[in-house]
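Student: for reference, the sequence and a predicted model appear below.
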Amino acid sequence: MQDAPHSDTTQEISPSKVLLQSASHSAQRSILNASHCDIQSRQLIENALKDPIAKIPAVFKHNYYQFQYRHQKSYLKQVNYVAQLAFLIYFWADHFVIPDVSTLSGMTRVIAILIGCGLNFFLFKYVRQIQWLDLILPLSTSVSAIIWFELLLHSTSAWISTYLYASVILIVLGNLSIQVHFRRSLITSALISVVILYGVYRLSSLQDFYIFLLVYTPILLFSIYIAWINTLNARKNFLRALLEDWNYHILNEMAQTDELTQLHNRRHFMHAVGHLIQACCHESTAALLIFDVDRFKVINDTYGHDVGDRVLRSIAEVSQREMRQGDILARFGGEEFIVFLPHTTKQDALKIAERLRQKLSQQGISLQDQELHFSVSVGVAELGVAQCNLEPLIKQADLALYTAKHQGRNCVMHYDDLDLASCERLELVR
């Protein structure tokens, strides 16, 4: 349809913006797209929760990474700085166990920490992919292991064979931060283990190496188990949050949508348009249409309520097609519909109402042996200057609608064109 022109305003407030502003904080933090709120998506989520490994469905992988970034970034950042602090504190152990390289140890650790802190700051500030942030500690642990074993290789201390066992902390620390990808923890565990075992092999006899391997293996498996539990819990927490989000979207839609016509319901219309009028009543004109089906009770009594429901659905479909972007259409109750037309003058509102009336009068419902035609009556009211209350506007449009009904139905009436004296008599009769 040809849109009636909107008035040009520099600071025009969009109805969609007002609706977004009135959304709750929960909706703003939503992790699930409304387009995914169907039965198939819910089935995928429930099946993933029942899965022993809680595998994330491919369609939700992006949501999973966003969720983990939001909830794990702070933890990963903290554990990385704590690990660097622990690496620095080990200088004191070096000072007592391998005193001949304590100076080299101190200088190396300080330089490594400065570089590490700088990289941490940069990565956590600018990298948005949680998959990479999840790997910072395991990779930095591998570098720390290389540095530590190089220091031991330069020492002649008699305590080295015992001190080697302190390296098992590295594999635990490397797997402590894994929260997103368990498979990557296996790769980084292998990398850290190669560095540690190669270092031990170079620093000890073959017999001592085997003894170290016997001690190291259970700790390696335990650290991998920690990584697995972390990633499994992260997946399950995400899937539960996803299911809660799905329920939120569905309940929110049910609270705002008329089940029969799939239009906004009265509650949502009053809330949304009430906010919109308060936001724009001083800046632009607006109008309101109220229309309902003529002799709807006769249709229900003659053809049955199922045909009456088809009539209402047909009206909803045609009305949606006739509305402009930004118009707010709702089922107001029973056979009554309501439309808020922002940035619309009286003349434009009347044109829209008349066009809608004509389109609906041309619409028909196919029955077994005939085609049922119906009509609507429309009441129009214009938002007054500095009028920031919806209730009076509804009453005016409703009175115009009632007058249109009284004057023969299947017509459009504007509140400004009413004979108020006659309207008062009609109200008494009503």
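Tutor: Arrived safely.
Student: can you give me the end-to-end distance of stretch 376-388?
Tutor: Length of stretch 376-388, first residue to last, C-alpha to C-alpha, to the nearest Å: 28 Å.
Student: could you give the mean pLDDT of that stretch?
Tutor: The pLDDT scores in stretch 376-388 average 85.
Student: what comes up buried for it?
Tutor: 376-383 (16 or more other C-beta atoms under 10 Å). (Glycine included, C-beta is placed from N, CA and C.)
Student: closest one of those to residue 138?
Tutor: Nearest to residue 138, judged by C-beta to C-beta, of the buried residues of stretch 376-388 is residue 383 at 62.3 Å.
Student: show me what contacts the residue lying closest to that closest one once chain neighbours are set aside?
Tutor: Nearest non-adjacent residue to residue 383, counting by C-beta to C-beta, 6 or more residues apart in numbering: residue 286, 4.1 Å away. Residue 286 is in contact with 277, 280, 340-344, 382-383, counting by C-beta atoms under 8 Å, 6 or more residues apart in numbering.
Student: point out the least confident one among those.
Tutor: Among the contacts of residue 286, residue 280 has the weakest pLDDT, 66.
Student: distance between the helix ranked longest in the chain and the chain's centre?
Tutor: Ordering each helix of the chain by length in residues (DSSP state H) puts helix 206-256 first. Relative to the centre of its chain, helix 206-256 is centred 23 Å away, using C-alpha atoms, centre = their mean, to the nearest Å.
Student: cool, and stretch 383-391?
Tutor: Worked out by C-alpha atoms, centre = their mean, stretch 383-391 lies 34 Å from the chain centre.
Student: do stretch 160-172 as well
Tutor: With C-alpha atoms, centre = their mean, you get 45 Å for stretch 160-172.
Student: any chance of the contacts of residue 286 in CSV, with secondary structure too?
Tutor: What follows is the contacts of residue 286, written out as CSV (DSSP: H, G, I helix; E, B strand; the rest coil):
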residue, secondary structure
277, helix
280, helix
340, strand
341, strand
342, strand
343, coil
344, coil
382, strand
383, coil
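Student: what is the nearest of those to residue 48?
Tutor: Using C-beta to C-beta, the contacts of residue 286 come closest to residue 48 at residue 340, 41.7 Å.
Student: what residues are up against the closest one?
Tutor: 15, 269, 273, 276, 286-288, 327-328.
Student: how about those residues, which pair is most distant?
Tutor: It's 269 and 287 that sit farthest apart of those, by C-beta to C-beta, at 14.7 Å.
Student: what's the angle from the helix or strand hosting residue 197 to helix 206-256?
Tutor: According to DSSP states H and E, residue 197 maps onto helix 182-203. Here helix 182-203 runs at an angle of 160 degrees relative to helix 206-256 (axes from the mean of the first three to the mean of the last three C-alpha atoms, to 10 degrees).
Student: low pLDDT regions in the stretch 51-200 of the chain?
Tutor: By pLDDT under 70, the stretch 51-200 of the chain has no low-scoring segment.
Student: those helices in it, which residues are they?
Tutor: Using DSSP state H, counting those that start in this stretch, the helices of the stretch 51-200 of the chain run over residues 61-97, 102-126, 130-133, 136-153, 160-163, 168-176, 182-203.
Student: for the last one, packing partners?
Tutor: Pointing back at helix 182-203 there. helix 136-153, helix 168-176, helix 206-256 (3 or more C-beta pairs under 8 Å, 6 or more residues apart in numbering; DSSP states H and E).
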